[in-house]
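> Coordinates for the following, if possible.
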Amino acid sequence: MDRFLDGPASAGETLFVDWVFGATCIDRLSKANDGKIGQFLGDRFQPAADLVEFTCHGSYRTGRLVPSTGMSEIPVDLHEWVSFDDDDGDTWLFDVTFLTSNYGCIYGRGCPGVFTELAPEYEHGCCTYGAHFVDGEDRAAIEAQVARLEPGEWELAERAEEMGGPIHQNDEGEWVTHTIDDACIFLNRPGFEYGAGCALHQAALRRGERPLDWKPDVCWQVPIRFDEHTDDNGHTTYILREWKRRDWGEGGLEFAWWCTDDPLAFNEDRPVWKTSRDEIVELIGEDPYRHFVDVITAREGGGSASPSAVYLPHPQVRR
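This next block holds a predicted model:
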C-alpha cells in the first residue's frame with residue numbers, strides 16, 4: 001500500500017486504497033490529507049463531493065468519507081440533490097442521482113413485472129393492475145385516442161365493447177381501466193400480431209407520435225415522480241425524483257420486483273434527463289427543465305470533451 005503514498009501513513013489516517021486499485025466514483029476530496037493519500041487521489045481525479053468508492057476483487061468495497069464529514073460509511077439509499085428558486089420564489093428540487101443515472105425501462109427485455117412473484121414470461125411490465133385516471137381530462141384524452149385505434153391494433157377491443165368500454169368506475173369511485181386475465185385491457189399479450197405491449201403505446205409509435213400523448217398520465221410518468229408541497233407560509237416546493245415502491249401505496253411493498261430498485265434496469269447509454277426529456281418537460285415545464293440542464297451542463301464543464309463532473313452513482317449501480 002505504501003507504493004501509493006509519498007510518505008508512510010500516520011496513525012488513525014483514513015486510507016482510500018487497496019492492493020487492487022479501481023475507483024468507481026470520486027465525488028470530492030475536501031483536502032489533501034497532509035500530502036499523503038488525499039494528494040495521490042487529488043493529483044489524478046477532478047475534485048467534486050465527499051465520496052470515494054473502490055472495486056476490489058470483483059466486489060464493491062465502500063471507501064470511507066474524508067474525516068471532515070464525520071460520516072464513516074455510505075447510507076444505502078444515498079442520493080444527491082440540487083435545488084434552486086424560480087422567479088416566483090418557489091423552490092425546485094431535483095434528484096440528481098436518479099436523473100443522471102443510466103436507468104431505462106426494460107419492458108419486453110426481461111422485465112419481471114410487478115406480480116408478487118417474478119414473471120417475465122407474461123410481459124406485463126407494470127401494466128398488471130391497469131391504470132387509474134388522475135382526473136376527467138386524463139380520462140377524456142384516452143377515450144379520444146381509443147377512437148383512433150384501427151381494427152387489428154388492439155387485441156382486446158371486442159372484449160372491451162362487450163364490457164361497455166375499456167374504462168369504468170370501481171367500488172371506491174375511482175375511474176380505472178378494466179383488467180382482463182390479471183392485466184390492463186389495453187395490454188396486447190404475447191403472440192399478438194404486433195407483439196406484446198400497450199396497444200396505445202404501439203399505435204402512437206406507428207403514427208410517429210409521442211406515446212405520452214396516447215396513454216393515461218400514470219402510465220407515461222412512471223418511474224418519474226413529480227410532487228408538490230406547500231407549507232403554512234404559502235411557499236411551494238416542487239420535487240422531481242424517482243418513483244419508489246412506497247408511491248404505489250401498500251401494494252408496492254408486495255411487488256417481487258420494482259425497476260428503480262434493481263440494477264437490471266440500469267443499462268442505458270444516456271442519462272434519464274436526456275432519455276426522458278419529453279416526460280420531464282410535460283411534468284414540470286420547459287423553464288425549470290432548462291434551468292436544471294444548465295446546472296448539470298455547467299457542472300460537466302459546459303459540454304467539453306473532458307467533463308469534470310463525477311456524479312454519485314445510483315444505489316443500484318453501486319450494488
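
> Every contact and neighbour count from this point should use C-alpha atoms.
OK.

> ok, the residue nearest to Gln169 when sequence neighbours are not counted - contacts?
Excluding its sequence neighbours, the residue lying closest to Gln169 (CA to CA, 6 or more residues apart in numbering) is Trp175, at 4.4 Å. By CA atoms under 8 Å, 6 or more residues apart in numbering, the contact list for Trp175 reads His132, Phe133, Arg139, Ile167, His168, Gln169.

> Give the next helix or strand downstream of the lowest-mean-pLDDT helix or strand in the chain.
When the helices and strands of the chain are compared on mean pLDDT, DSSP states H and E, strand 59-62 comes out lowest with a mean of 32. Heading C-terminal from strand 59-62, the first helix or strand you meet, by DSSP states H and E, is strand 81-85.

> Tell me where this structure has strands.
Ranges of strands in the chain, per DSSP state E, are 23-26, 52-56, 59-62, 81-85, 91-95, 167-169, 175-177, 187-188, 197-198, 224-230, 236-242.

> deepest of those strands, which one?
When the strands of the chain are scored by mean count of other CA atoms under 10 Å, the highest mean neighbour count falls to strand 187-188 (a mean of 24).

> now for that one, which elements pack on it?
Under the contact definition 3 or more CA pairs under 8 Å, 6 or more residues apart in numbering; DSSP states H and E, strand 187-188 sits against strand 197-198.

> partners of the strand it packs on, with directions?
strand 187-188 (antiparallel) (DSSP bridges).

> what does the partner strand contact?
Strand 187-188 has contacts (CA under 8 Å, 6+ apart) with His124, Cys127, Trp154, Glu155, Leu156, Gly195, Ala196, Gly197, Cys198, Ala199.

> centre of the chain versus it, how much separation?
When C-alpha coordinates are averaged (CA atoms, centre = their mean, to the nearest Å), strand 187-188 and its chain have centres 24 Å apart.

> Please work out the average pLDDT along it.
When pLDDT is averaged along strand 187-188, the result is 98.

> Stretch 253-270 now?
Rounded mean pLDDT across stretch 253-270 is 96.

> now swap in stretch 224-242 and tell me
97.

> Stretch 122-134 now?
For stretch 122-134, mean pLDDT is 97.

> Mind exporting the C-alpha coordinates of it to CSV?
Backbone C-alpha positions of stretch 122-134 (Å, rounded to 0.1, in the frame of the first residue of the first chain) are rendered in CSV as follows:
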residue,chain,number,x,y,z
TYR,A,122,-46.1,-12.7,-19.1
GLU,A,123,-44.6,-9.5,-20.5
HIS,A,124,-46.9,-7.4,-18.3
GLY,A,125,-44.3,-4.9,-17.1
CYS,A,126,-46.2,-2.5,-14.7
CYS,A,127,-49.5,-3.0,-16.6
THR,A,128,-50.7,-5.7,-14.3
TYR,A,129,-53.2,-3.6,-12.3
GLY,A,130,-54.5,-1.4,-15.0
ALA,A,131,-54.4,2.4,-14.9
HIS,A,132,-56.0,4.9,-12.5
PHE,A,133,-57.0,8.2,-14.1
VAL,A,134,-56.0,11.3,-12.3
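
> Flag every buried residue along that stretch.
Going by neighbour count (16 or more other CA atoms under 10 Å), the buried part of stretch 122-134 is Tyr122, Glu123, His124, Gly125, Cys126, Cys127, Thr128, Tyr129, Gly130, Ala131, His132, Phe133.

> again with stretch 269-283
By 16+ other CA under 10 Å, the buried positions in stretch 269-283 come out as Pro271, Val272, Trp273, Thr275, Ser276, Glu279, Ile280, Leu283.

> for stretch 105-121, same thing?
Those would be Cys105, Ile106, Tyr107, Gly108, Cys111, Pro112, Gly113, Val114, Phe115, Ala119, Pro120, for stretch 105-121 by 16+ other CA under 10 Å.

> Check stretch 203-210 too.
Buried-residue list, stretch 203-210, by 16+ other CA under 10 Å: Ala203, Ala204.

> which outside residues touch that stretch?
Leu149, Glu153, Pro211, Trp214.

> if we go to 6 Å?
With CA atoms under 6 Å, 6 or more residues apart in numbering as the test, stretch 203-210 has contacts from Pro211.

> do you know how far Arg206 is from Thr275?
For Arg206, the distance to Thr275 equals 20 Å [CA to CA, to the nearest Å].

> Next: Ala144.
On the measure of CA to CA, Ala144 and Thr275 end up 27 Å apart.

> Same check on His201?
From His201 to Thr275 the distance is 17 Å (CA to CA).

> go on, Pro166?
For Pro166 relative to Thr275 (CA to CA), the value is 30 Å.

> Next: Cys105.
According to CA to CA, Cys105 stands 10 Å off from Thr275.

> Please apply the same query to Leu264.
When Leu264 is compared with Thr275 (using CA to CA), they lie 17 Å apart.

> cool, Phe266 as well?
12 Å.

> and if you look at Ala204?
For Ala204, the distance to Thr275 - CA to CA - is 18 Å.
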